[in-house]
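K.L.:
sharing a sequence plus its predicted fold:
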Amino acid sequence: MDWSLIIENSIKGFIGINAVYFAIAAIGLNVQFGFTGLLNFGQAGFMACGAYGLGMTAHYFGISMWWGIPIGIAFSVVLGFLMGIPTLRLRADYLAIVTIASAEIIRLVVRSVKFKTYFGGSDGINGFSDSFRNIGDDIGIVQANQYGFWPLRFTGREIWTLVVGWVVVAVVAYFVYLLMKSPWGRVLKAIREDEDAVRSLGKSVFSYKMQSLILGGAIGTMSGMIFALDRGSVQPDNYSRDVTFYILTALVLGGVAKVSGSIVGPMIFWGIFTFMDNFLRQVAKDPVHLGNFTIMKSTQVGQLNYMLIGLTLILLMVYRPQGVFGNRKEMAFDGH
Amino acid sequence: MAVQDGSGTGFLGRVEFQVKSSAKKSPFVRLLVLLSAIFAVLGFAFSPARAEGDGYAIRVQVKQQQRDAAGKTDNQPIAGVTVFVTDADGVEIGRLETDAEGIAIFDLPAKADYTVTIDESTLPAGQKLDAAASNSQTLLGDSFVMKTKVVNFFTGGSQSVSQSLFEKIAQRLVDGVRLGLILAMCSVGLSLIFGTTGLTNFAHGEMVTFGGLAAFVLNISGLSFLGFLSFIPGIRPDGTFHILWAAPIGIIAGGGFGWALNYAIFGRLRKRGIGLVTQMVLTVGLSILLRNFFLSRFEGRTRPYAEFTLQRAMEFGPISITARDLIVSILSLLILISVAMALRFTRLGKATRAVSDNPDLASATGIDSEKVIRLVWILGGALAAAGGIFRGLDEQVSFDMGGRLLFLLFASITLGGLGSAFGALMGGFVVGIMVEVASLVVPTELKATPALLVLILVLLLRPQGILGRAQRVG
């Protein structure tokens, strides 16, 4: 059992790029789910908008990658309208159904052979992030260099994305925090608690919900961009339904309707996940048996971890639906 | 505590105070015990070495041959093409559609001579096999140097179409009806659960998979401790069951699974007055948990049941259908008709529809809502399992066979009207036919897209669905 490796990897999981892009996506999801009570189960679709926004600008439009940022955001706004217009006047479930379906269709379309010229098919789009990488080199964080000491060792490449990523997290979080303190944010919370009351005050509930859906989606789009920049590639299967569910788990873990919760949650989520993954992989180097029954093989570690995520979400919903640091009163809404 | 608002949870107020004490005492110990019991049984069941044949397989690759400007070959995979393998006697071993990589893998019962045939009518419009190539290739048993033999089909970019439009539509209609029957079966439970409890169950796809896999466990893996039953025809000494046994037992197990979910989780949550949104997120967790459990025990491959895989398609004019598919379709139709009859004419069925319509009113007339909800979970679980098994016979079983149907199920129940059982039947039918017929125009890999279009159109134009009751919903 190599504990130093396990500890190092767990700390990397705790503050690493996975926690970053989950945190940004979770902040967006929190605007929709935590603050407004909208069940967006298609956050992965918004993330795909961002990632493919970047990828397509370079790959298909053939212009500078940086144009991909506004293009990706524009995609997500369009997607937000497409999801919102049919559903936001209806019960909360309809939005959940349409978002989960749209995200899945987006994934199918971008991985299809038919649209391979635009989206690169199941191989995705690669090698568009050089202009981003070069900035890191220019300001002195050399990609290939190793920085730090145990247990915090990163390559320059990782540090550069992490710095940018956490800055984006901080900016977005502060922005959302201020928004939720503002009158606009209070209307969102009021909608979550009692739509009819808000309507009786002469506010357009539909319009506020739409703004919330699009804002949360646009934030999710940024998450997709950070992820794409880190990988230097866009792959359709990184935006599957399960990604949304894991982000939701991370969000609930941190605490619903709290901006800090949507940052802490993903960190805890990835810290524990990476720890379990590394730990179990070492345990399961040889298959673990109980009598004749194989409990765990090394190939099953991943699935066991995901099962634990599912179980965590179930137990959280039963015992602390507001999340570890959340306020119970904020999760008492009923979806009507 | 959530506010009761009469949209599915109204009866809770009544039950709440009398169970508060007992719910506090053993909060979720029983849930954990029950879940682990289910997993223990399933885990045990999956663990024995499976009968795998000898591991011989054929890997069929369908590609579009292209040359770029520089004259280099640039082959594009073609998805959704039907290929089938027949043995030396002309009996069909398996029939598959190529995946997004243009690949279909057939597990073979033994090392022998086989013929691989490609159904040219399922090639995308404008695609045609290379003029020099035949639509079938024969492999000799002796040519298996490795366990997997690769067979390639190439198309050129030619323009002709081999089958008339009418024939294509007829065949698609038949396929659509088959898919529609399965969707209808799976979505009745989803819709009724929604109607009676207000819960949108995102784990319903996993209930479908559960049925397919439960039958697979009995049929292929076998429960060795049941080997002593081998005096009964259809049960073998190693504890494997003929599919004619495995299917009904799997359906019963599915009903039990539905009951267990309600008993262990959702019944308790209702008693504690936990909000619907919380329950819905919980079903998401349940779906992650179950799907990965299935994956870890079952692995990522798709596999067939032991029986009825060798089928020769029968031709009726332009339509070809195997006897198995025909019988499965008739069976599902019978099941659906009997469910519809039961809902329409029996006391319990009427009570179910009453609770689904208006829980408060039903409660006030003396209907025991909890009993009805329990029944709905059992029925829903059993129907989902049946759908899973039939789908498994048709398309083989895999760990996420149900998860992939979930979105079509949602489209079906929304189209039919959330909460209406008859609506779900109709919606499933329409969505099934539409998806298959649409694949004439859209690429096969995207044939689910029209379902999303319908979903959005229905929500825009008639949010209560075809058979739903108009009400103010927002």
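P.N.:
Received, thanks.
K.L.:
when you work out contacts or count neighbours from here on, use the C-alpha atoms and nothing else.
P.N.:
Will do.
K.L.:
residue ranges of the helices in the stretch 101-250 of chain A, please?
P.N.:
Listed in chain order, the helices of the stretch 101-250 of chain A (DSSP state H, counting those that start in this stretch) span A:116-119, A:130-138, A:156-181, A:183-193, A:195-200, A:205-231, A:241-254.
K.L.:
in CSV, list those helices along with mean pLDDT and distance to chain B.
P.N.:
Shown next, in CSV, are these (pLDDT from 0 to 100; distance: least, C-alpha to the nearest C-alpha, whole Å):
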stretch, mean pLDDT, distance to chain B
helix A:116-119, 87, 10
helix A:130-138, 86, 27
helix A:156-181, 94, 22
helix A:183-193, 93, 11
helix A:195-200, 92, 8
helix A:205-231, 95, 9
helix A:241-254, 92, 7
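K.L.:
of all these, which one comes closest to residue A:104?
P.N.:
helix A:241-254 (6.5 Å; C-alpha to C-alpha).
K.L.:
quick check: buried residues in the closest one?
P.N.:
For helix A:241-254, burial by neighbour count (16 or more other C-alpha atoms under 10 Å in any protein chain shown) applies to A:241-254.
K.L.:
show me the contacts for residue 279.
P.N.:
If you meant another chain, say so; for now it's chain A. Residue A:279 sits next to residue A:6 when contact means C-alpha atoms under 8 Å, 6 or more residues apart in numbering or on different chains.
K.L.:
the intended chain is chain B.
P.N.:
For residue B:279, the residues meeting the contact criterion (C-alpha under 8 Å, 6+ apart) are A:317, B:199, B:266, B:269.
K.L.:
now for residue 196, how many residues are close by?
P.N.:
All of this refers to chain A. The burial count assigned to residue A:196 is 15, neighbours taken as other C-alpha atoms under 10 Å in any protein chain shown.
K.L.:
think we crossed wires, I meant chain B
P.N.:
The number of residues packed near residue B:196 is 28, by other C-alpha under 10 Å.
K.L.:
with residue A:209 instead?
P.N.:
Applying other C-alpha under 10 Å, we find 22 residues neighbouring residue A:209.
K.L.:
quick one: contacts for it?
P.N.:
With C-alpha under 8 Å, 6+ apart, residue A:209 has these contacts: A:36, A:38, A:88, A:188.
K.L.:
name the nearest residue to the last one, ignoring sequence neighbours.
P.N.:
When you say that, I think you mean residue A:188. Using C-alpha to C-alpha, 6 or more residues apart in numbering or on different chains and skipping residues adjacent in sequence, the residue nearest residue A:188 is residue A:36, 5.0 Å away.
K.L.:
you'd agree that neighbour is up against residue A:192?
P.N.:
Yes - counting by C-alpha atoms under 8 Å, residue A:192 is a contact partner of residue A:36 at 4.8 Å.
K.L.:
tell me which residues touch residue A:244, please.
P.N.:
Contacts for residue A:244 were tallied using C-alpha under 8 Å, 6+ apart; they are A:41-44.
K.L.:
low-confidence stretches in chain A?
P.N.:
A:291-293, A:332-336 (pLDDT under 70).
K.L.:
make it 50
P.N.:
Filtered on pLDDT under 50, chain A yields the residue ranges A:336.
K.L.:
ok, which stretches of chain B are strands?
P.N.:
Secondary structure of chain B by DSSP state E: the strands cover B:57-64, B:76-77, B:82-87, B:92-97, B:103-107, B:114-118, B:128-129, B:136-139, B:148-156, B:313-316, B:319-322.
K.L.:
so for residue B:429, which of those sits nearest?
P.N.:
Nearest to residue B:429, of the strands of chain B and by C-alpha to C-alpha, is strand B:319-322 at 18.4 Å.
K.L.:
and that closest one, which residues are buried?
P.N.:
B:319, B:321-322.
K.L.:
could you do stretch B:298-305 as well?
P.N.:
For stretch B:298-305, a neighbour-count test (16+ other C-alpha under 10 Å) marks B:298, B:302-305 as buried.
K.L.:
with stretch A:191-202 instead?
P.N.:
Neighbour counts over stretch A:191-202 (16+ other C-alpha under 10 Å) mark A:191-193, A:195, A:198 as buried.
K.L.:
export the residues you listed as CSV, with columns for distance to residue B:124.
P.N.:
Listed next are those as CSV, based on distance: C-alpha to C-alpha, whole Å:
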residue, distance to residue B:124
A:191, 49
A:192, 48
A:193, 51
A:195, 49
A:198, 52
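K.L.:
now, among those, which is nearest to residue B:59?
P.N.:
Of all the buried residues of stretch A:191-202, residue A:192 has the smallest distance to residue B:59: 53.1 Å, by C-alpha to C-alpha.
K.L.:
for residue B:105, name its beta-bridge partners.
P.N.:
When assigned by DSSP bridges, residue B:105 has beta-bridge partners residue B:59.
K.L.:
ok, it - how many residues close by?
P.N.:
Using other C-alpha under 10 Å, residue B:105 has 22 neighbouring residues.
K.L.:
how far does stretch A:168-175 sit from the chain's center?
P.N.:
Here stretch A:168-175 shows a centroid-to-chain-centroid distance of 14 Å under the convention C-alpha atoms, centre = their mean, to the nearest Å.
K.L.:
on that earlier part again, closest to residue B:206 out of the strands of chain B?
P.N.:
If we rank the strands of chain B by C-alpha to C-alpha, the stretch that ends up nearest is strand B:92-97, at 22.7 Å.
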